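Novice: take this sequence and fold it.
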Amino acid sequence: MDFAWSDEQHAFRQSVSEFARKELGSDLIEEDRKQEFSWDGWKQCAQFGIQGLPVPEEYGGGNADILTIAGALEVLGHGCRNNGLIFSLNAHMCGAELPIMAFGTEEQKRKYLPRLASGEWIGTQAMAESGSDPAGSDPAGGNGALQARAEHRDGRWILNGSKALVTNGPVADVVVVFASAEGGVTPFIVEKGGFGIGRTIETMGLRTAPRADLILADCELPGEQVLGKVGAGADILAASADWESICTLAGEVGMIKRQLETSARYAAERRQFGQPIGKFPAVASKVAEIDIRLEISRLLLYKAAWLKREGRNPKRETAIAKAYIGDAVIQSCRDALQIHGGYGYMTEYQIERELRDAVSGKIHSGTTEAQKTIIAGLQGL
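Specialist: Numbering: from 1, shown residues only. Presented below is the predicted three-dimensional model:
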C-alpha cells in the first residue's frame, strides 16, 4: 500500500477542508433540537461538487475513485459538525447514485445521474421493512424475504407495501426501492409521487438526517424502471455495501479528529490547581487514547478503501474497520465529554450531540455484531 496522497488528492482534501470550515460550520443546536434538514448545507455541498464525486464526468460528476472520496469525506466530517448532513450525503451517493451507475441502463443513467450529481434531486435507497431484523431484510431470501410486493401486469409493475427507516425519505426525489417479485427481490427506481410519506422518525442522534417510513400503494411503474434485472436485488446491494461502509466510516474518522483537537485544546486551556488539566496523567491519557484510536481508524479505513480501488475484495477489511471504528468514535466522544467535565454535558458545547450521533455507527449498514460474524465466518467459523 502507498500511504501518500498524490499532489492532486492532497490539494483536493485541502479544498474540501477549507470549504467545510467556512461554509458548514454553523451552530447546529436549534437544527438538532427541531430535527431540521439543512437545505442550505445541501445546496452548498452541491455547488462544491460533493454529491457528484463518484459520478462519471459524462453525467456531470467528478469521476473520483473511492480512495479519493474517502479522503474527502474524512476532512468533510472533520470540518463540518453536521454529522446528519454527511449521513444524508452518503445515503444519496451510495443508496441511489452508485446502484444506478453500476446497473442502470444508459437511458436511466442519463435521466437520473446528472440531477443527482448536481444535487438538484435527492436520492436514497429503501430496503428495510417494519418487523424485519434491525439491519434490514434479507435480499437473497427469495420471494418471501420482503413484504413489499411487485406484480407484473400488462408490461407494467404495480408495487404495494411499505419501507421503514428510510434516510432522506421525507425529502427524496428518487428512491431505489427493493420489492419481492416473481423471480426474486428486485430493485425499482421510484420517483417522488410514486410513494407516500408515512410516519417521520425521531431519532436519538443524526437528527438532521431526515428519516421516514415510505408507503407504496398501487405504485404503477413502466418496465424501464426496473434497475438491473428482475431478481438482482442481492447483487445490487452487495455491489454498494463496501462503498457505503467506507464512505460512512470516513466521516466518523473525521469526527474522531475533531474530538482529539477539541479535547487537546480544552486540556491545554482549562486550569485547575494552578496548571492546565492536560498536565494531569488521567486527562493526558484520555487525549492520547483518542489519538491512538484516530491513527488505527485511519489505517483500517484507508486499507479497505485502497483494496476496493484496486479491484480486490475488501470484505474482511471493511468489516474489521466498521467493527473497530464504530466503537472508537463512541469512546472518543465519551472521553471528550469526560475531559470537558460538566461543560461537556451541556448542550452549548455540542459534545453531547456528537456522542448521540456516534451511537448510530454501531447500528447502521450492519451492526457491530454482524461485522464480527462476518470476520469470524471468514476464519471458517
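Novice: how about stretch 231-241: buried residues?
Specialist: Neighbour-count burial for stretch 231-241 flags 231-237, 239-240 (criterion: 16 or more other CB atoms under 10 Å). Where C-beta positions appear, they are placed from N, C-alpha and C, glycine not excepted.
Novice: so which of those residues are in helices?
Specialist: Among the buried residues of stretch 231-241, the ones falling in helices (DSSP state H) are 233-237, 239-240.
Novice: which among these gets closest to residue 44?
Specialist: residue 240 (25.4 Å; CB to CB).
Novice: contact partners for the closest one?
Specialist: 94-95, 98-99, 102 (CB atoms under 8 Å, 6 or more residues apart in numbering).
Novice: before we move on, what about residue 94?
Specialist: Taking CB under 8 Å, 6+ apart as the test, what residue 94 contacts is 125, 240, 243-244, 247-248.
Novice: what's the pLDDT at residue 204?
Specialist: Residue 204 carries a pLDDT value of 97.
Novice: no, scratch that, I was asking about residue 137
Specialist: 42.
Novice: tell me if I'm right that residue 118 and residue 48 touch.
Specialist: No. Contact between residue 118 and residue 48 fails when scored by CB atoms under 8 Å: they sit 11.5 Å apart.
Novice: can you give me the helices in the stretch 51-200 of the chain?
Specialist: 66-79, 83-92, 98-103, 106-117 (DSSP state H, counting those that start in this stretch).
Novice: go through these and name the closest to residue 293.
Specialist: Smallest distance to residue 293 across these (CB to CB): 14.1 Å, for helix 66-79.
Novice: extract the C-alpha set from that closest one and format it as CSV.
Specialist: Provided in CSV are the C-alpha atoms of helix 66-79 (Å, rounded to 0.1, in the frame of the first residue of the first chain):
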residue,chain,number,x,y,z
ILE,A,66,-13.2,5.5,-3.7
LEU,A,67,-9.9,6.3,-2.0
THR,A,68,-10.1,10.0,-3.0
ILE,A,69,-13.8,10.1,-1.9
ALA,A,70,-12.9,8.6,1.5
GLY,A,71,-10.2,11.2,1.9
ALA,A,72,-12.6,14.0,1.0
LEU,A,73,-15.3,12.7,3.4
GLU,A,74,-12.8,12.4,6.2
VAL,A,75,-11.9,16.1,6.1
LEU,A,76,-15.6,17.0,5.4
GLY,A,77,-16.5,15.0,8.6
HIS,A,78,-13.8,16.9,10.5
GLY,A,79,-14.7,20.4,9.3
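Novice: just checking, what packs against it?
Specialist: helix 7-23, helix 83-92, helix 233-269, helix 281-309 (3 or more CB pairs under 8 Å, 6 or more residues apart in numbering; DSSP states H and E).
Novice: now it: mean pLDDT?
Specialist: pLDDT averaged over helix 66-79 gives 97.
Novice: got the buried residues for it?
Specialist: In helix 66-79, counting by 16+ other CB under 10 Å, buried: 66-79.
Novice: and of the helices and strands packed on helix 66-79, who's closest to residue 353?
Specialist: So among those, helix 83-92 is nearest, using CB to CB, at 8.3 Å.
Novice: return the distance of that closest one from the chain's centre.
Specialist: 5 Å (CA atoms, centre = their mean, to the nearest Å).
Novice: how far off helix 7-23 does it point, in degrees?
Specialist: 130 degrees (axes from the mean of the first three to the mean of the last three CA atoms, to 10 degrees).
Novice: you'd agree residue 103 is up against residue 233?
Specialist: No. Counting by CB under 8 Å, residue 103 stays clear of residue 233, with 10.5 Å between them.
Novice: okay, and the common contacts of the two?
Specialist: Contacts common to residue 103 and residue 233, judged by CB under 8 Å, 6+ apart, are residue 187.
Novice: about what we covered before: most surrounded residue in the contacts of residue 94?
Specialist: residue 125 (28 neighbours; other CB atoms under 10 Å).
Novice: and that one, what are its bridge partners?
Specialist: Beta-bridge pairing of residue 125 under DSSP bridges involves residue 176.
Novice: rewinding a little: make JSON lines out of the helices of the stretch 51-200 of the chain and add distance to residue 221.
Specialist: Output for those, formatted as JSON lines (distance: least, CB to CB, whole Å):
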{"stretch": "helix 66-79", "distance to residue 221": "31"}
{"stretch": "helix 83-92", "distance to residue 221": "21"}
{"stretch": "helix 98-103", "distance to residue 221": "15"}
{"stretch": "helix 106-117", "distance to residue 221": "12"}
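Novice: let me see the contact set for the closest residue to residue 20 other than its chain neighbours.
Specialist: Nearest in space to residue 20, with sequence neighbours left out and distances taken as CB to CB, 6 or more residues apart in numbering, is residue 79 at 2.8 Å. Listed by CB under 8 Å, 6+ apart, the contact set of residue 79 reads 16-21, 24-25, 254.
Novice: so how far is residue 55 from the residue of the chain most remote from its centre?
Specialist: Distance from the C-alpha centroid of the chain peaks at residue 274, with 44.1 Å (CA atoms, centre = their mean). According to CB to CB, to the nearest Å, residue 274 and residue 55 sit 57 Å apart.
Novice: that older thread, from the contacts of residue 240, which two are the most distant?
Specialist: Distance extremes for those: the farthest pair is 95 and 102 at 12.5 Å, using CB to CB.
Novice: out of these two, which sits in the more crowded spot?
Specialist: residue 95 (24 against 14).
Novice: show me the contacts for that one.
Specialist: By CB under 8 Å, 6+ apart, the neighbours of residue 95 are 123-125, 167-168, 176, 240, 244.
Novice: can you check residue 348 too?
Specialist: By CB under 8 Å, 6+ apart, the residues touching residue 348 are residue 29.
Novice: give me the contacts around stretch 200-207.
Specialist: Against stretch 200-207 from outside (CB under 8 Å, 6+ apart): 31-32, 35, 83-84, 87, 165, 169-170, 210-213, 353, 355-360.
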